[in-house]
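# dropping a prediction and its sequence here:
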Amino acid sequence: MRAAGPGETRLLPWAGEDGKPCYLVTDGDGPLSRAADAVEAVQLSMAVGLLRHADDLLGYERASAVQLRFLLARMSESLRDVHRVAESRGARLVDADGSVSGDK
């Protein structure tokens with residue numbers, strides 16, 4: 001991944017009002033960019049934890065519908081977060097020829 005150039009936009013790892021995406025015009029090194037990096041790291045770590053929990057719960061034959069529904073709701077939230085992180089990071093990738101991903 002490359003650092004954003006001056007005036008580039010970055011999709012932030014949280015949603016705004018009504019679930020709308022939030023963007024930051026950044027050079028990639030300001031305090032809000034660092035906060036976004038930290039939030040992304042937490043979101044990805046939580047996704048790993050949920051996957052482990054899902055493995056455990058699915059291996060438990062007596063898991064109730066309430067437990068499974070709760071897990072599925074948390075996993076849905078996490079998948080939404082991870083998708084947003086992937087979109088944001090993908091938009092900041094540089095292709096092998098030096099062009100920005102998606103600019104072709």
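Structure's in. What do you need?
# so residue 44 is in contact with residue 79, correct?
No - applying C-beta atoms under 8 Å as the test, residue 44 and residue 79 come out as separate, 11.7 Å apart. Using the backbone N, CA and C atoms, a C-beta is placed for each residue, glycine as well.
# which one's more surrounded, those two?
Ranked by neighbour count (other C-beta atoms under 10 Å), residue 44 and residue 79 place residue 44 first, with 15 against 12.
# list phi and psi for the more buried one.
phi -70, psi -40 (degrees, to the nearest 10).
# residues in contact with the residue lying farthest from the centre of the chain?
Taking C-alpha atoms, centre = their mean, the residue of the chain most remote from its mean C-alpha position is residue 62, at 31.9 Å. Neighbouring residues of residue 62 by C-beta atoms under 8 Å, 6 or more residues apart in numbering: there are none.
# where's it relative to residue 68, distance?
11 Å (C-beta to C-beta, to the nearest Å).
# picking up where we left off before, hang on, the residue farthest from the centre of the chain in a helix?
No - assessed with DSSP: H, G, I helix; E, B strand; the rest coil, residue 62 is coil; it does not lie in a helix.
# mind listing what the residue nearest to the spatial centre of the chain touches?
By C-alpha atoms, centre = their mean, the mean C-alpha position of the chain lies nearest to residue 85, the distance being 2.7 Å. By C-beta under 8 Å, 6+ apart, the contact list for residue 85 reads 13, 40, 43-44.
# what strand or helix carries it?
Take DSSP states H and E as the rule and residue 85 turns out to sit in helix 65-91.
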